[in-house]
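pasted the sequence and its predicted model underneath.
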Amino acid sequence: MEVLHIAEAKNNILKKGFLDIEINDASIDLFYEIERLKKEKNAVVLAHYYQEPDIQDVADFIGDSLGLAQEAEKTKAEIIVFAGVHFMAETAKILNPNKKVLLPDLNAGCSLADSAPASLFKAFKEKYPDHIVISYINCSAEIKALSDIICTSSNAEKIIESVPKEQKIIFAPDKNLGAYLKKKTGRDMVLWNGACMVHEIFSLEKITKLKMRHPNAKLIAHPECEEPILRLADFIGSTTGLLKYTQKDDAREYIVATETGILHQMQLSSPEKTFIPAPPDNSCACNDCPHMKLNTLEKLYICMEYEMPEIAMEKTLLDAARKPIERMLEISARYSL
Ligand code: 13P
Ligand code: SF4
């Protein structure tokens, strides 16, 4: 991996992108510089809970996918710097077509979004002409444009319940969240066969053993996890839902079955409690999203300094993808979500 001085980084990024660059420059206080750039450029930094702790610490707003979309919709800043993955920055751009939206690393994708290529999904949708499409926000703008309503893990239940009972539904792209929602809502939805690489690899066996070693620990899980893990869970919720649960609940120990980034906020708001990352089915002790973790504090600084990489999309796609997102935001506001 190339290690570059910060002044050399811009040329390299223009030529090769961000992959395999490590910036090492002790003369720069990145926290100070990022704060300075925010003010100078009227920029806001929005970060998902799965970002590394340093990025969460410099962010103006930290949230789950719904909170971040809501914040992106209402921000007055001229530049939105999205510390998250590509579909999240795309959503911010769709809601703010005239603003500059930056993503520290353009390669920060999402295995779940990638599991639904638009051409295949279009053909799948044509097989069910009397169904409407509810898509999880973790999908590309092209899939959003093919959808009737978008949802996130925070509002999916309410979004589905807002649709008349007799209306048939395709749910995409996450089959695990879809199966969980079918049970919760009693709706017989057709599911797209996609999944998240992070939430799919938790080990039931290792979690069961961990629970035996920590009999008072509660297992809390994201609904993108597979059914056997969800069956064992004491609480299931979006990242914001899980965080709020640990703030209100009176247990002292939690096994957390989602990406490890969320532990930073859990530990900050409940320093007296113990949070144990649920182990995946490989040799690692915790479970990082390789896409989310492509963003670093150095890349965040460089992207603010040089105002790139920027999210760019065709107007027709922006307009088509906006409608189902706006429907989601309207329904969420109706339920104060
Ligand atoms: P939420 O932000 O809705 O909790 O979803 C988690 C996730 O996987 C984001 O990529
Ligand atoms: Fe995508 Fe899963 Fe990573 Fe979220 S955690 S960005 S759903 S791969």
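Done, it's in. Ligands and ions are numbered 1, 2, ... in the order given.

who in the stretch 1-150 of the chain is up against ligand 1?
64, 65, 138 (Cβ under 6 Å from any ligand atom). Just so you know, the C-beta spots here come from the backbone N, C-alpha and C atoms, and that holds for glycine as well.

among the residues you listed, the buried ones, what's the PyMOL command?
Of these, the buried ones can be selected in PyMOL as follows, counting by 16 or more other Cβ atoms under 10 Å:
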select buried, resi 64+65+138
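
among the residues of the stretch 1-150 of the chain next to ligand 1, which ones are in helices?
Using DSSP state H, the members of those that fall within helices are residue 65.

tell me the one among the residues of the stretch 1-150 of the chain next to ligand 1 nearest to ligand 2.
Within those, proximity to ligand 2 (Cβ to the nearest ligand atom) peaks at residue 138, which comes in at 4.7 Å.

quick check: closest non-adjacent residue to that closest one.
If the residues on either side of it in the chain are set aside, residue 138 comes closest to residue 112, at 4.5 Å by Cβ to Cβ, 6 or more residues apart in numbering.

briefly note if whatever helix or strand the one you found lives in comes near ligand 2.
Assigned by DSSP states H and E, residue 112 falls within helix 111-114. Yes - contact of helix 111-114 with ligand 2 (Cβ under 6 Å from any ligand atom) involves 111, 112.

and the next helix or strand past that helix?
helix 118-126.

gap between the residue most central in space within the chain and residue 172?
Closest residue to the average C-alpha location of the chain: residue 65 at 5.1 Å, with Cα atoms, centre = their mean. From residue 65 over to residue 172 the distance is 15 Å, taken as Cβ to Cβ, to the nearest Å.

next one: residue 41
With distances taken as Cβ to Cβ, residue 41 is found 37 Å from residue 172.

between the two, which one's more packed in?
A count of neighbours by other Cβ atoms under 10 Å puts residue 172 above the other of residue 41 and residue 172, at 27 against 16.

so the more buried one is in contact with residue 137, correct?
No - contact criterion Cβ atoms under 8 Å: residue 172 and residue 137 do not qualify, at 11.2 Å.

wait, residue 238 touches residue 153, no?
Yes - using Cβ under 8 Å, residue 238 is in contact with residue 153, at 3.7 Å.

common neighbours of the two, please.
In terms of Cβ atoms under 8 Å, 6 or more residues apart in numbering, residue 238 and residue 153 are both contacted by the residues 64, 65, 66, 222, 223.
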